[in-house]
Structures are given as structure tokens and as C-alpha cells.
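Peer 1: sequence plus the predicted model coming up.
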Amino acid sequence: MHDVPDHAEPPHASSGADDTVRPSTSRRPVEAVLFDFHGTLAQVEEPREWVLAAAAACGVELDRVKATSLADRLLTAGRAGGPPPARVPPRLAELWADRDLYEHAHRGAYTGLAETVDAGIDGFAEALYERVRVPEGWVPCPDTEAVLKELRRAGVKVGVVSNIGFDIRPLFAAWGLDGLVDAYALSYEVGRCKPDPGIFLRACGMLGVDPERALMVGDTPADAGAVAAGCAVLVLPAADAGRATGLGAVLDLALGS
């Protein structure tokens, strides 16, 4: 049913379908897209490969059965870029709480969690953490490059907003994607973590756009915190490493394509 202003003339009798009254619609153009990093633009490598690579860095060659078993235990303990730990030991509680705000806390929390799993390999916990810091420890999502390039061609600015305790810019540079990102709002640099609206506002400020003209794209409820900052939000379904995350929907929303 269409609302008719009090002062409006009564509608003429309709002579057919062409006389149907349709409400006008408008939408704010999207000037910037903010992307979550892990789970949206890239995924950590498959757990067994992570364990095999870290062991190799320590000079140890694991058989794949043992690597699979270790990976399962390490995922339960807690992996950077993976599911939260089943339990955080009291001695790591403070580091865990601050992991996305300080580099030392991020490293200390995740190496400490890895050390709760006895692998019998010297330096293994540090090697596992270092593997997450290098480009080879991640898999860009299949549609990431194409979507970022299309946004660039359309003149839409791109920001990356991530709860993380280390610099991910070198990863984008190694993947040849750094020229497609205009700004990075990383929690350990900004001092705010998603879903705090402050981190999204900071990202919009870096890009010079009004939050109401920005679209936040992520895969967790924390990413939806951008609504409180005034941004539109698209939450994508979770996907395994190497699988498409549905990023193409971003182009539909941002470009109307």
C-alpha cells in the first residue's frame, strides 16, 4: 500500500497496468569497501601443512599421520587465524585478552598456547607462529584479486580492517595485491578491536569517506559491529582454505552490477 500525502490530489481511475503507482527508491552510492582479512580475503593454510612446514623449519621431517594428529591437538589449543582455544591457561589470560592490541601479546599468547602441546621438537611453537606471519602460511581466497581489481577500476576505495597483532601489509605485497588496497586499519595499530565502532570509523577516516557511504564485508558477528559506526554490512559464510567466499556479492552491492 502506498502512502498518499494529505494534500495530494486523489488518484485518477486506472486504465491499466501502466498506471500503477511505484514508489521512487534511492540509495547512497558506495564510495569505499572495508574488508576483514582472515576468512574474507585470505585463509590460513590447511592445518596439517602448517605443522609440516613449521617442523621442517626446525629441521624435522614429520610423517603425515603424526602431523595430522599434532594439527588436531594444536587447533584445540588455539591457532592464530583458527578457532579460539578450548581453554586458555591462567598464565596466558592477560596476553590472550590483549592479543590483538599488542604485538608482544599476540606472539606470547599463541606461542604459549602451542607450547601446551608437547611435540618433542625444539623451537616448534615459535616456528608455528612464524609460519602465520609469512605469505606462504596463507591462501588468498580465489575471488579476492578479481573483486579488488574491479573495485579499483570503478574508483571505489578499499580498506582492510583486521583484529590482528602483526603487520599484514607484506603479505599483500607478496601476493601482488598491495596496489589494490588504499588503507589498513589493524587493531594493534589503531588500539581498537572489532566490533568497537572506533576501528571502522578510523578506517573511514583513513579513506576520507563518510561511514554511511562505506560497506563493511566480513565473516563474523564482530564485523557486523560496523553498523554502529554507520556503515552497511555484508557478512559472508565461512569457507575452507582455497574455497570461494562469495565475494562477488560485494560487486552487486557496491557497483550495482
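Peer 2: Yes, it's here. Quick caveat: nothing in here was measured; it's all calculated off a predicted structure.

Peer 1: all helices for the stretch 151-257 of the chain, in order.
Peer 2: 169-174, 187-190, 197-207, 248-255 (DSSP state H, counting those that start in this stretch).

Peer 1: deepest in the core, which of those helices is it.
Peer 2: A comparison of these by mean neighbour count, using mean count of other CB atoms under 10 Å, puts helix 197-207 on top with a mean of 21. Placement of C-beta: from N, CA and C, glycine included.

Peer 1: which residues are in contact with that helix?
Peer 2: 31-32, 34, 157, 159, 161, 182-183, 185, 187, 190, 192-194, 210-211, 214, 216, 225-226, 228-229, 231 (CB atoms under 8 Å, 6 or more residues apart in numbering).

Peer 1: quick one: average pLDDT of it?
Peer 2: Mean pLDDT, computed over helix 197-207, is 98.

Peer 1: which of the contacts of helix 197-207 fall in strands?
Peer 2: 32, 34, 157, 159, 161, 183, 185, 214, 216 (DSSP state E).

Peer 1: just the residues you listed now: which is nearest Leu62?
Peer 2: Val161 (36.0 Å; CB to CB).

Peer 1: Leu180 against Val147, yeah?
Peer 2: No. Using CB atoms under 8 Å, Leu180 is not in contact with Val147, being 9.2 Å away.

Peer 1: these two: who's more crowded?
Peer 2: Val147 (23 against 17; other CB atoms under 10 Å).

Peer 1: secondary structure element holding that one?
Peer 2: helix 144-153 (DSSP states H and E).

Peer 1: ok, and what's touching that helix?
Peer 2: Contacts of helix 144-153 (CB under 8 Å, 6+ apart): 33, 41-42, 158, 175-177, 180-181, 247-248, 250-251, 254-255.

Peer 1: try it again with 6 Å
Peer 2: 33, 41, 158, 180, 247, 250-251 (CB atoms under 6 Å, 6 or more residues apart in numbering).

Peer 1: same thing with stretch 36-55?
Peer 2: Here stretch 36-55 has contacts from 35, 62, 67-68, 70-71, 75, 81, 121, 127-128, 131, 137-140, 144, 160, 162, 168, 218-219, 223, 241, using CB under 6 Å, 6+ apart.

Peer 1: how far away is Glu49 from Val60?
Peer 2: 15 Å (CB to CB, to the nearest Å).

Peer 1: hmm, I typed the wrong one, I wanted Leu253.
Peer 2: In terms of CB to CB, Leu253 sits 47 Å off from Val60.

Peer 1: from Leu215, how far out is the residue nearest the centre of the chain?
Peer 2: Centroid check for the chain by CA atoms, centre = their mean gives Asp36 as the closest residue, at 2.3 Å. Per CB to CB, Asp36 is found 12 Å from Leu215.

Peer 1: tell me where the model's unsure across the stretch 1-150 of the chain.
Peer 2: Along the stretch 1-150 of the chain, segments meeting pLDDT under 70 span 1-28.

Peer 1: helices along the stretch 1-150 of the chain, start to end?
Peer 2: Going by DSSP H, counting those that start in this stretch, the stretch 1-150 of the chain shows helices at 47-57, 64-77, 93-97, 103-115, 124-132, 144-153.

Peer 1: in CSV: those helices, plus distance to Cys204.
Peer 2: Shown next, in CSV, are these (distance: least, CB to CB, whole Å):
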stretch, distance to Cys204
helix 47-57, 34
helix 64-77, 35
helix 93-97, 27
helix 103-115, 25
helix 124-132, 28
helix 144-153, 16
